[in-house]
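Asker: here is a sequence together with a model predicted from it:
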Amino acid sequence: MFEQFVQYVLGGVRLNAEALSVFGAAVLFLGAIIWAALRWRYSAIIGHRNHIIALYKARLNGATPDQAKAKMDSLEGQVVSLKNREWPKPTPAAVTDFESILASQGSHVVSVLPQDRDSVFLARDLVDAFKRIDWKARRDTSMYDVPDGLSVWPEDDVARAICNALMATGALVTVRNDQHLKDQGTYAIGIGYKLD
């Protein structure tokens, strides 16, 4: 009977050991599959991050973080200085004042001369305002350098009225003498580089 009991216990232990080894092999196999999937996934993520880091290193040309920050600060300063050169869009109230001041001057011919691309939007707004009050207005180009700021040619009463109307937009305006334009009976507005 003792022998049967020992045989029974040994058979149970052997059965448990076999079941445990099969269970352990299944867990190990499942763990290996999970590990391989995670390794594949994270190697793709790490490869993507390494690619981005390589792009940043190429853009920085080996600069230190302090040098890169200094370059970014410099570029930000350049952007701000370029933005400050743009002429602001006149407010609707300023445009209304502009048109009401000049509407009583009759109809005239005026050319608006923008210096560069920072002044083309203001030039367009001025041409549109002149056309609404029945002036013959157009945006034109000049062979000569346009002085900085806003300028009006030739000097007479209508030019001073244009100057006053432009000042209603908040800009500083200079009236200049030009005998050729005076003889033609036309007016010109120069939009040069914006003064601070």
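Answerer: Alright, I've got the coordinates.

Asker: how is the protein divided into domains?
Answerer: The record's domain split for the chain, according to automatic domain parsing, is 2-62, 92-191.

Asker: point out the most buried one among those.
Answerer: domain 92-191 (a mean of 17; mean count of other Cβ atoms under 10 Å). Yep, even glycine has a C-beta here, placed from its N, CA and C like the rest.

Asker: now do it: distance to the chain's middle.
Answerer: Counting by Cα atoms, centre = their mean, to the nearest Å, domain 92-191 is centred 30 Å from the centre of its parent chain.

Asker: could I get the full set of strands for this protein?
Answerer: 109-114, 136-139, 150-153, 173-175, 186-191 (DSSP state E).

Asker: dump the ones you listed into a markdown table; add distance to L126 and mean pLDDT as well.
Answerer: What follows is those, written out as a markdown table (distance: least, Cβ to Cβ, whole Å; pLDDT from 0 to 100):
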| stretch | distance to L126 | mean pLDDT |
| --- | --- | --- |
| strand 109-114 | 5 | 88 |
| strand 136-139 | 7 | 89 |
| strand 150-153 | 10 | 86 |
| strand 173-175 | 12 | 85 |
| strand 186-191 | 6 | 86 |
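
Asker: most centrally placed residue in this structure?
Answerer: What sits nearest the mean C-alpha location of the chain, by Cα atoms, centre = their mean, is V79, with 9.3 Å.

Asker: gap between that one and N61?
Answerer: Going from V79 to N61 by Cβ to Cβ, to the nearest Å gives 21 Å.

Asker: cool, and W40?
Answerer: 34 Å.

Asker: now swap in A25 and tell me
Answerer: 54 Å.

Asker: W135 too?
Answerer: 54 Å.

Asker: same question, I53
Answerer: For I53, the distance to N61 - Cβ to Cβ - is 14 Å.

Asker: and what of V95?
Answerer: For V95, the distance to N61 - Cβ to Cβ - is 48 Å.

Asker: also H48?
Answerer: Note on H48: its distance to N61, by Cβ to Cβ, is 22 Å.

Asker: and for Q4?
Answerer: 85 Å.

Asker: need the contact partners of the least confident helix or strand in the chain by mean pLDDT.
Answerer: Using mean pLDDT, DSSP states H and E, the weakest-scoring helix or strand in the chain turns out to be helix 65-85, at a mean of 76. By Cβ atoms under 8 Å, 6 or more residues apart in numbering, the residues outside helix 65-85 that reach it are 60, 63, 118, 193-194, 196.
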